[in-house]
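# I'd like to go over a predicted model; first the sequence, then the structure.
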Amino acid sequence: MTIEDDELIKDFIVESQEHLSDVESQLLTLESQQDGVDVALVNKVFRAVHSIKGAAGFLGFEVLESLAHRGEEVLNRLRNHEMRPTNLVVNTLLKATDRLKGLLDSLETSNEQDVTEHIVALERLLNADSAVAAHLDEVQSAEAPEETAPERVSECAAQCNPAESISSAIHDAAIVSAVDSTIRVDVSLLDTLMTRVGELVLARNQILQFTSELGNTDLLRTTQRLNLITTELQEGVMKTRMQPIGNVWSKFPRLVRDLAVICGKEVRIEMEGKATELDKTIIEAIKDPLTHLVRNTVDHGIEKPEVRRSIGKPVEGCLTLRAFHEGGQVIIDISDDGAGLNLDRIKSKAIEKGLISQEQVARMQEQELAQLIFLPGFSTAEKVSNVSGRGVGMDVVKTNIEKIGGSVDLQTRPGLGTTVKIKIPLTLAIIPALIVSSAGNRFAIPQVNLLELVRLEGEQTTKSIEWIQGAPVYRLRGRLLPLVYLRNVLKTSVANETPQDVINIVILRADDRQFGLVVDRINDTEEIVVKPLSKQLKGVAVYSGTTIMGDGKVALILDVLGLAYASQVISKMRDGALVDPNGRAKDANGELQTLIILGTGTSRRLALPISQVARLEKISKEAVEYADHQEVVQYRGKILPLIRLASFLGLESNDTSEDDLLNVVVYNENERSFGLVIDKIIDIVETSLQLNHPSAREGLLGSVVIHDRVTDLVDLPAVIRMIDCPSPRQLTSLV
Amino acid sequence: MSTTTQSTASQLCTFYLDNQMFGIDVQSVQEVIRYQQMTDIPLAPDSVCGLINLRGQIVTAIDLRKRLGLPNRPEGQLPMNVVVRSDDGAVSLLVDQIGDVQESDEENFEPPPETLRGSTRQLIRGAYKMKDRLLLVLDTERVIDVTSNVD
């Protein structure tokens, strides 16, 4: 074979694969159009198959050609409404498509391969009367293929309609013009370009710095131009590497359909934001985790049809994929309307597998319990299916997402479904970062982890930082924030340290936990080009990469999650090290918690963990408005629903405040906020929590003795759940 | 170089550490440069002493004195960088002083003596017997793999 032929064949393979990649989803759409197919859509599939047939015939791949030809015939019938896209028809076409893909993958030997099975299946569709075919679906699919069919192959080939080919050839020509405006580029070339642009950005940063030192206006003007062009070039090159997430999702409808059949379930998949674009490397990296999550949802999340029917849900389960941009990140939601996680089973499983101790479970919030499924080796599947449940999974999903700088969050509502929220950066190569100094070294902190900056001066430096058993904390709007001194974590403290007159706190988020990082100086924000750590430094968890700064010096990029672990802000829960013998003793004494004590009625006291409270506010009664019978106030540009806690919990209320101000505790859950209206705030105490009497009342955890008074501990997440699906009694109190 | 007819001869880039002569295969050396300013890496393995910006390429510097368990370089004496290529990009080896490129053939080569123990033994391929001294040949790959220290 000549080189030209080789080129031709390579093009043929690539083009055919592209054609086929769309065919799958198009066929699935056709399947849903039982009562009248979209002719334009059939035409698309037809053209794809037709062009494969034509090229295969031209290049002498006869087997491929004959299979494509048979498929084309069936599609022709569909197009002319002579056949309906029944389950059987679509199934046969899908299988034939798979076979075509297989043939393309092993093109050299394709002429020796046997495709009789598929040709026979397609033949049977063609030969059966269209009306009958629709009725005989089940019967036919159960039968074995007939032996006589291959002889008919040649007959049908002779009957191929010449007029048909011509008209679609004209059609093909029309598409070609659209294809001409794009070219294929080798990914490695784009990678090189990206690296070069990265270096250009670095050089630009350096020139910018020198120019500002020199103060020559002409040079300054040119530099600004260079700056602009570099930024545009950078954006342009980044765009070339962007791909819509739909590229990954396109295989899910088929996956879900096939899985649903295996599991005996009915599942519909809905996708929003297919066009959301991500860097190619990220697309590659999330492919497997996403597939895993989708499999999990179909296998575990969605109930069997009979179960769904019995609890009054639509028989068909719904899996929704949603992708959108938010604050420089891409958010991907995978949600279902299934059974939700079985928290009790998760609890017992985690204890049984020794991943966590009994005492720890007792103290955990529901949402925390749900996070346990991310522990390595965790699987609640009662039987191991070939779909999922082998115990490797969610932890791998989490690690893989975190590897690319993303995070995974899971929310579940029993009986209502589960949502997995994945947050990932747009690109990995060039990121905005905050530059800080500590002990003479400069470090870059990726902006995605950054929440806010706090600067303490003069008296504040000593007053605002408090110590709980040797651990420094800072009160950020009434909320205790653990502090981490970068000098200490990096072990760069100098012995004779003089107390500083300014303290800079960088408030960071790691894995949904917040902490304050104390640094010597906050320098600036800068676009940095991320370079990987060398092999020698891979083991140092507090760094995620390196970069070159504007002055040409190298700086390390801090790994915020690694820092949180190193400073024990986040316990090593995921490493299964939760049960340690030393930890038990501490558990028995109960851990110290800070509680807000609230007064309601004449004598009743309620307590809330301060960690759940975002803010304490006094809101004027006049500001209260109504939205759909619900009391609301406008709060920080949002609508904040108000809940009168006492009456909501069925307790007596006695609003003693004479002035027209309401005491409101603002509580944030995920992206929602609630205002709890309470009679008065009595105190904030730190106490070890030992629940004496678990409460039978919904919304209360139980009672504890605080300062010689019996106090009811409010179960805020439960209260929020009750608001989401209130019982009749609460409904009346809401109104 | 158009020297020996036998292929047993190899060229070694030599350098000094604590008055001892060491050598590495000249093929693995990318360049030799004078002392460069380095960025500290807190918490890094002991022998890794910093990061260098080598014309836009970030190079990790390994102090060979520390790597080989030799006493620290005297205060004020600046090391030189021997930049070597590796699968993982370039790595710089900090040495006291740079020597000549030496030709040595297998005849004068001996594996490390049995009495040589510990980490050093793993890092040294053997010694060439020169006229007046020994030239210890380092195993570059092991030297730069600081994570797998034997001790």
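Great, that's in hand.

# so which strand or helix has the most centrally placed residue in chain A?
Centrality entry for chain A: nearest residue to the mean C-alpha point is A:Ile422, 1.7 Å, by Cα atoms, centre = their mean. Using DSSP states H and E, the element containing A:Ile422 is strand A:417-425.

# Quick check: bridge partners of A:Val554?
Here A:Val554 sits in beta bridges with A:Ile548, going by DSSP bridges.

# Isn't A:Ile356 up against A:Leu372?
Yes - here A:Ile356 lies in contact with A:Leu372, judged by Cβ atoms under 8 Å, at a distance of 6.8 Å. To be clear about C-beta, it is placed using only N, CA and C from the backbone, and glycine gets the same treatment.

# can you list residues touching both of the two?
Any residue near both A:Ile356 and A:Leu372 by Cβ atoms under 8 Å, 6 or more residues apart in numbering or on different chains counts here, and that gives A:Ala350.

# Looking at the two now, which is surrounded by more residues?
A:Leu372 (26 against 20; other Cβ atoms under 10 Å in any protein chain shown).

# Can you tell me, leaving aside adjacent residues, what's nearest to the more buried one?
Spatial nearest neighbour of A:Leu372, chain neighbours left out: A:Ala350 (4.9 Å); criterion: Cβ to Cβ, 6 or more residues apart in numbering or on different chains.

# That neighbour - how many residues pack around it?
A total of 23 residues lie near A:Ala350 under the criterion other Cβ under 10 Å.

# can you give me the offset of the helix or strand A:Glu199 falls within from its chain's centre?
Taking DSSP H and E as the criterion, the element that holds A:Glu199 is helix A:187-214. If you compare the mean C-alpha spot of helix A:187-214 with that of the full chain, they lie 32 Å apart, counting by Cα atoms, centre = their mean, to the nearest Å.

# Can you find the helix or strand of the chain with the lowest average pLDDT?
Answering for chain A, as no chain was given. Every helix and strand of chain A was ranked by mean pLDDT, DSSP states H and E. The lowest is helix A:581-589, at a mean of 33.

# wrong chain, I was asking about chain B
The helix or strand with the lowest mean pLDDT-type score in chain B, counting by mean pLDDT, DSSP H and E, is helix B:118-123 (a mean of 77).

# rewinding a little: quick one: contacts for the residue nearest to the centre of chain A?
With Cβ under 8 Å, 6+ apart as the criterion, the residues that contact A:Ile422 are A:Ile286, A:Pro289, A:Leu290, A:Ile331, A:Ile332, A:Asp333, A:Ile334, A:Ile401, A:Gly406, A:Ser407, A:Val408, A:Asp409.

# Look through chain B and state the residue closest to chain A.
B:Pro42 (3.6 Å; Cβ to the nearest Cβ).

# what about that residue, which SS state?
Per DSSP: H, G, I helix; E, B strand; the rest coil, the secondary structure class of B:Pro42 is coil.

# Now the residue lying closest to it once chain neighbours are set aside: phi and psi?
Take B:Pro42 and drop its neighbours on the chain: the residue closest to it by Cβ to Cβ, 6+ apart is A:Leu490, 3.6 Å away. For A:Leu490, the backbone dihedrals (degrees, to the nearest 10) come out as phi -90, psi 0.

# before we move on, what about B:Pro113?
phi -60, psi 150.

# ok, it - contacts?
Taking Cβ under 8 Å, 6+ apart as the definition, B:Pro113 has no contacts.

# so how many other residues sit close to the closest residue to A:Leu649 other than its chain neighbours?
Leaving aside its chain neighbours, A:Leu649 sits nearest to A:Gly699 (5.0 Å; criterion: Cβ to Cβ, 6+ apart). As a burial measure, the neighbour count of A:Gly699 was computed by other Cβ under 10 Å and equals 22.

# what ranges do the strands span in the stretch 151-300 of chain A?
For the stretch 151-300 of chain A, the strands identified by DSSP state E, counting those that start in this stretch occupy A:242-244, A:267-272, A:277-279, in order along the chain.

# closest to A:Arg309 out of the ones you listed?
Of all the strands of the stretch 151-300 of chain A, strand A:267-272 sits nearest to A:Arg309, with 14.7 Å by Cβ to Cβ.

# Which residues belonging to the closest one are considered buried?
Of all the residues in strand A:267-272, those buried under the rule 16 or more other Cβ atoms under 10 Å in any protein chain shown are A:Val267, A:Arg268, A:Ile269, A:Met271.

# tell me the contacts of A:Ile528?
The neighbours of A:Ile528, taking Cβ under 8 Å, 6+ apart as the test, are A:Ile430, A:Ile431, A:Pro432, A:Ala433, A:Ala444, A:Thr547, A:Met549, A:Ala555, A:Ile557.

# quick one: the first one and A:Gly405, what's the gap?
Just to be clear, that refers to A:Ile430. To A:Gly405, A:Ile430 is 13 Å away according to Cβ to Cβ, to the nearest Å.

# more crowded one of those two?
Taking other Cβ under 10 Å, A:Ile430 and A:Gly405 do not tie; A:Gly405 has more neighbours (24 against 20).

# Good, wrapping up.
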